[in-house]
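>>> Let's see this in three dimensions:
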Amino acid sequence: MKQSDWPARGDMRCGELTVVRELPFVEFIELLEFSHLRFDPPAQGAASALVGTQEWRRRIEGDCAQPESVYVCTTLDALHDAVLAPEDAELKIDMPCQSRVRLRTLFQQRDRAASTPCVRVDLQALIRRVLVPASAPAHLFELVRHVVMTRLWVEVARV
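A predicted model of the protein is given here:
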């Protein structure tokens, strides 16, 4: 797999930036169980080489989180290192604006079609912290904390 690099901005490398992605609880458990990171499938008419895209945020925005959601926190460097795309795919990370990071995976051969819009990830490299919305029930927070601590041993907190 070929992974593109992103430019440094100012004195701080962009790769050191923290990013978060809100996942529904079921998708989060699938990530932990199968080490698959789901992508949003390409829009109709998009380049056939596109496996899919994902949007990550630089910060959690307001109180918009669903009570059954979980936030996965990482850095751009960790995201870059953790994605294990197929050998014939290329990972692209860019920042279309200051508050968002876009992750795209493209097949290097245009005639190849993606069967499932997901890629394998190294969970230990990817997940730095897990956040559960304050509005989530206590039993959901405890379940997430137990599962994450059992598998990854990273911090789980309320936000």
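>>> List of residues touching stretch 60-73?
With contacts defined as CB atoms under 8 Å, 6 or more residues apart in numbering, stretch 60-73 is touched by 18-25, 28, 31, 99, 126-133, 135-137, 140, 144, 159. (Each C-beta comes from the backbone N, C-alpha and C, glycine too.)
>>> Next secondary structure after the helix or strand hosting L23?
Secondary structure here is read from DSSP states H and E; on that basis L23 sits in strand 18-24. Past strand 18-24, heading to the C-terminal end, the next element that is a helix or strand (DSSP H and E) is helix 25-34.
>>> between that next one and strand 18-24, what angle do the directions make?
Put simply, helix 25-34 runs at 110 degrees to strand 18-24, going by axes from the mean of the first three to the mean of the last three CA atoms, to 10 degrees.
>>> need the longest helix for this protein.
Determined from DSSP state H, the single longest helix within the chain is helix 138-151.
>>> Identify the bridge partners of Q54.
Beta-bridge partners of Q54, counted by DSSP bridges, are L103.
>>> my guess is R104 meets K92, correct?
Yes. Using CB atoms under 8 Å, R104 is in contact with K92, at 4.6 Å.
>>> Of those two, give the one with the bigger neighbour count.
Each of R104 and K92 had its neighbours counted (other CB atoms under 10 Å), and the higher figure belongs to R104 (18 against 14).
>>> contact partners of stretch 24-37?
Under the criterion CB under 8 Å, 6+ apart, external residues in contact with stretch 24-37 comprise 23, 38, 54, 66, 68-70, 72, 83, 118-123, 126, 140, 144, 147-148, 151-152.
>>> mind listing the helices for this structure?
For the chain, applying DSSP H gives helices covering 25-34, 76-82, 123-126, 138-151.
>>> A43: which of those helices is closest?
With CB to CB, the closest approach to A43 among the helices of the chain belongs to helix 25-34: 20.1 Å.
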